[in-house]
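[1] build me a structure from this.
(chains A and B)
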There are 2 protein chains.
Amino acid sequence: MNSTHLLLKALKGEEVERPPVWMMRQAGRYLPEYMVLRRKYDFFTRVQTPELACEITLQPIDIIGSDAAILFSDILVIPQAMGLEVQMVESKGPFLPRTTTTKSEIEALNATTADDHLQYVYDAISLTKKELNNRVPLIGFAGAPFTILCYMVEGKGSKAFDKAKQFCFSEPKLAQSLLQKITDVTIAYLKRQVQAGVDCVQVFDSWSGLLSKADFEIFAKPYLVQISDALSPLAPVILFPKGSWYALEDLSTSSASGLGVDWCLTPKQARTLTNNNITLQGNFDPNHLLKPIHEIQKEVKEMIDAFGPQKYIVNLGHGILPNIPVEHAKAFVDAVKNYSNL
Amino acid sequence: MNSTHLLLKALKGEEVERPPVWMMRQAGRYLPEYMVLRRKYDFFTRVQTPELACEITLQPIDIIGSDAAILFSDILVIPQAMGLEVQMVESKGPFLPRTTTTKSEIEALNATTADDHLQYVYDAISLTKKELNNRVPLIGFAGAPFTILCYMVEGKGSKAFDKAKQFCFSEPKLAQSLLQKITDVTIAYLKRQVQAGVDCVQVFDSWSGLLSKADFEIFAKPYLVQISDALSPLAPVILFPKGSWYALEDLSTSSASGLGVDWCLTPKQARTLTNNNITLQGNFDPNHLLKPIHEIQKEVKEMIDAFGPQKYIVNLGHGILPNIPVEHAKAFVDAVKNYSNL
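    Purely as a prediction, here's the structure:
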């Protein structure tokens, strides 16, 4: 691990000449090079073939020049490894034909050797680290337990995940046993990602913002904290509880090294809530990348000014969208690299 | 207008013996009596037939005992009145075959006489007021301009309304001309609702929470404020910019009499943000209504204690869900009525 990388310095709170930049879903559909592979191989073939996952992971490094690579994979490899079928219906999203809501369904899940089923991920990491040749650090990731539960209970994407929330509220003990199983597998999985070579890990709680603060503290936070506590001795951890602005203050004193934030709070609010004592990552609205390039440049500068260039990782507040022109994505990255000249 | 009604007193900031209670979508699918009519008449027949709209509006007053009635209607009657086709695909949501994104499409919208096309709403209000016989006040409503734009641009429901937001960000002048047209129609429409007899109006900005604070101030707030300023001399106005907690402080000094809040901020945070100077409405997570009745009672009491019983309207933070047992909805209402004894 080359600790001179901007991302790792920013996560340690060390001084940097400019903040690092990467984008969630940077290895994705806005890249024509990705679309070529997407037309040739189905989703899980791309995820499960180390050579393909590696090639896709490297694309944004070569094409738009991100300061970090994030492994091409999916958060739903965890329920898959626990024994559930997960289908990825192109342009519709994930579908789990069998949901998990009863005691016996939860007990039937494989929680002890699930991480062994994800060897293709560790192989993709080893290969990617070799190909990266230390140009930029590699980020590993997993979905947070509450978000994984959402898909396991609901069986597919949803606007409000009402079924999943109702399961938590009406069967809290079952929900907690499911969350704990997911947590155990996720910790084992992320540890093996670190052993395979990732330089830091991000935990995506994409749906935690659907919970009230009180419910977040029951169904999301304890599991995020367990993962962070288990992983942070091995590698820096970034937690991204999307939408859960109310949790930032608490999490700023956790073992995590960084917190992701979306555009629904201002950089100033994010700094105030976290008492300026943790590295923050975010929070450009991906839809702003459709603006003219000179406006993107202006807004990136304003965003860095507002967060401050230290203890800060430039990112979007959510994944980049398929219809963003590549030159706009590149302009975003370049604006960060030229920050001091803007 | 009987100013002794709890809802109207709470909106004026007058002292009440207990807070009033109603529920968003209280005239809806969780009621077997509603389902009987739903099987017999399609959605827009129910909306456009004053006798049916009146009957549906009254159902929750008789069955669960809400302190206020809200007219059974839909926010998308506005684009319909402006000349667009709106289909309601049962259990899938709205669909607009023709979207509105170009200058000529915006110019083609009827903004001058659209409110005349909504006579069936005013007739439903007159009839409902007569049938209510002053038992409880009647709430009129409209969608906020940004939320209506979301549907007009996207053509259907969406998780993130990316197309609508991209339209705003890449064509801000066109977006603003569309928002202004919707605002003009909405003001005329709500004024006629008041003339027809509603006692107060609520403006639903269901999707404003998808915007950053800066974007909210461009694409949502000015239109909410115009509507509030135009209506508040005639009737109390409740603004509900769902998810836009960052806007509460600003809006607490607007001409509105009340602000809706969802469960993503605590009662205490809501009171602090609004400096305790406006009536607040909310914020029970509708999914909590699946909990056992004794827990609903306990949580309602805690919620009222936390908001304080004055300047407060008990409500959900979003519409009641179809699978909530009627006795749980009734327990929610009764818990408010028995607040001082709980």
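[2] the bottom helix or strand of chain A by mean pLDDT?
    Lowest mean confidence among the helices and strands of chain A (mean pLDDT, DSSP states H and E): strand A:87-89, at a mean of 91.
[3] for the residue nearest the centre of chain A, give me the pLDDT.
    Taking C-alpha atoms, centre = their mean as the criterion, A:Phe204 is the residue nearest the geometric centre of chain A, at 4.3 Å. Confidence per residue is given as pLDDT, and for A:Phe204 that number is 98.
[4] any idea how far A:Gly140 is from it?
    Plainly put, A:Phe204 is 12 Å away from A:Gly140 if you go by C-beta to C-beta, to the nearest Å. Where C-beta positions appear, they are placed from N, C-alpha and C, glycine not excepted.
[5] how about A:Asn338?
    When A:Asn338 is compared with A:Gly140 (using C-beta to C-beta), they lie 29 Å apart.
[6] list the residues that contact the spatially closest residue to A:Thr266 that is not a sequence neighbour.
    Distances taken as C-beta to C-beta, 6 or more residues apart in numbering or on different chains place B:Lys213 nearest to A:Thr266, at 5.5 Å, with adjacent residues excluded. Listed by C-beta atoms under 8 Å, 6 or more residues apart in numbering or on different chains, the contact partners of B:Lys213 are A:Cys264, A:Leu265, A:Thr266, B:Tyr246, B:Ala247.
[7] walking through the stretch 1-150 of chain A, point out its strands one by one.
    Shown for the stretch 1-150 of chain A, the strands assigned by DSSP state E, counting those that start in this stretch span residues A:69-70, A:87-89, A:93-95, A:138-143.
[8] compare the mean pLDDT across the ones you listed and name the weakest.
    Set side by side, the strands of the stretch 1-150 of chain A differ in mean pLDDT, and strand A:87-89 is lowest with a mean of 91.
[9] okay, buried residues for it please.
    Burial within strand A:87-89, assessed by neighbour count using 16 or more other C-beta atoms under 10 Å in any protein chain shown, is assigned to no residue.
[10] state the distance from the closest residue to chain B within the stretch 1-150 of chain A to B:Ala164.
    Taking C-beta to the nearest C-beta as the measure, the point where the stretch 1-150 of chain A comes nearest chain B is A:Gly93, at 9.6 Å. Here the criterion is C-beta to C-beta. By it, A:Gly93 lies 20 Å from B:Ala164.
[11] and for A:Val203?
    If you go by C-beta to C-beta, the gap between A:Val203 and B:Ala164 works out to 30 Å.
[12] now the stretch 51-200 of chain A against chain B: closest residue?
    Closest point on the stretch 51-200 of chain A to chain B, by C-beta to the nearest C-beta, is A:Lys165, at 4.3 Å.
[13] pLDDT below threshold where in chain A?
    Regions of chain A meeting the criterion pLDDT under 70 cover residues A:1-3, A:342.
[14] quick check: residues of it near chain B?
    For chain A, the residues in contact with chain B under the definition C-beta under 8 Å from any C-beta of the partner chain are A:157, A:159-160, A:162, A:165-166, A:169-170, A:209, A:212-215, A:243, A:245-246, A:263-266, A:269, A:285-288, A:290-291, A:318, A:321, A:323.
[15] just to revisit the earlier point, winner for burial among the strands of the stretch 1-150 of chain A?
    Stretch with highest mean neighbour count among those: strand A:69-70 (a mean of 26; mean count of other C-beta atoms under 10 Å in any protein chain shown).
[16] in its sheet, what does it sit against?
    Strand A:69-70 has the following sheet partners, assigned by DSSP bridges: strand A:138-143 (parallel).
[17] ok, and what's touching the partner strand?
    Applying C-beta under 8 Å, 6+ apart, the external contacts of strand A:138-143 come out as A:7, A:22, A:57, A:68-71, A:73, A:75-76, A:78, A:125, A:128-129, A:132, A:186, A:189-190, A:193-194, A:197-206, A:227, A:235, A:238.
[18] before we move on, the earlier item: isn't the residue of the stretch 51-200 of chain A closest to chain B right up against B:Asn287?
    Yes. With contact defined as C-beta atoms under 8 Å, A:Lys165 and B:Asn287 form a contacting pair (4.3 Å).
[19] chain center to the least confident helix or strand of chain A: distance?
    20 Å (C-alpha atoms, centre = their mean, to the nearest Å).
[20] which strands and helices lie in contact with that strand?
    Using 3 or more C-beta pairs under 8 Å, 6 or more residues apart in numbering or on different chains; DSSP states H and E as the contact test, the elements touching strand A:87-89 are strand A:93-95.
[21] contacts for the strand it packs on, please.
    Contacts with strand A:93-95, where a contact means C-beta under 8 Å, 6+ apart, come from A:Leu76, A:Val86, A:Gln87, A:Met88, A:Val89, A:Tyr151, A:Gly155, A:Lys156, A:Gly157.
[22] would you map the helices across the stretch 1-150 of chain A?
    Assigned helices in the stretch 1-150 of chain A, in chain order: A:6-12, A:32-40, A:43-48, A:50-63, A:77-81, A:103-107, A:119-132, A:145-154 (criterion: DSSP state H, counting those that start in this stretch).
[23] show me what the fourth one is packed up against.
    Counting contacts by 3+ C-beta pairs under 8 Å, 6+ apart, helix A:50-63 is packed against helix A:32-40, helix A:43-48, strand A:69-70, helix A:119-132, helix A:326-337.
[24] likewise for the second one?
    Using 3+ C-beta pairs under 8 Å, 6+ apart as the contact criterion, the neighbours of helix A:32-40 among helices and strands are helix A:50-63.
[25] please export the C-alpha coordinates of stretch A:259-279 as PDB.
    The C-alpha trace of stretch A:259-279 is given here as PDB (Å, rounded to 0.1, in the frame of the first residue of the first chain):
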ATOM      1  CA  LEU A 259     -18.300   9.400   5.800                       C
ATOM      2  CA  GLY A 260     -20.100   9.700   2.500                       C
ATOM      3  CA  VAL A 261     -22.700  12.500   2.200                       C
ATOM      4  CA  ASP A 262     -25.300  13.300  -0.500                       C
ATOM      5  CA  TRP A 263     -26.400  16.700  -1.900                       C
ATOM      6  CA  CYS A 264     -29.400  16.900   0.500                       C
ATOM      7  CA  LEU A 265     -27.200  18.600   3.000                       C
ATOM      8  CA  THR A 266     -24.800  21.400   2.300                       C
ATOM      9  CA  PRO A 267     -21.000  21.000   2.800                       C
ATOM     10  CA  LYS A 268     -21.300  23.400   5.700                       C
ATOM     11  CA  GLN A 269     -24.100  21.500   7.400                       C
ATOM     12  CA  ALA A 270     -22.000  18.300   6.900                       C
ATOM     13  CA  ARG A 271     -18.900  19.800   8.500                       C
ATOM     14  CA  THR A 272     -21.000  21.200  11.400                       C
ATOM     15  CA  LEU A 273     -22.800  18.000  12.100                       C
ATOM     16  CA  THR A 274     -19.500  16.100  12.100                       C
ATOM     17  CA  ASN A 275     -17.700  18.700  14.200                       C
ATOM     18  CA  ASN A 276     -15.100  18.800  11.500                       C
ATOM     19  CA  ASN A 277     -13.400  15.700  12.900                       C
ATOM     20  CA  ILE A 278     -13.700  13.200  10.100                       C
ATOM     21  CA  THR A 279     -13.000  13.000   6.400                       C
END
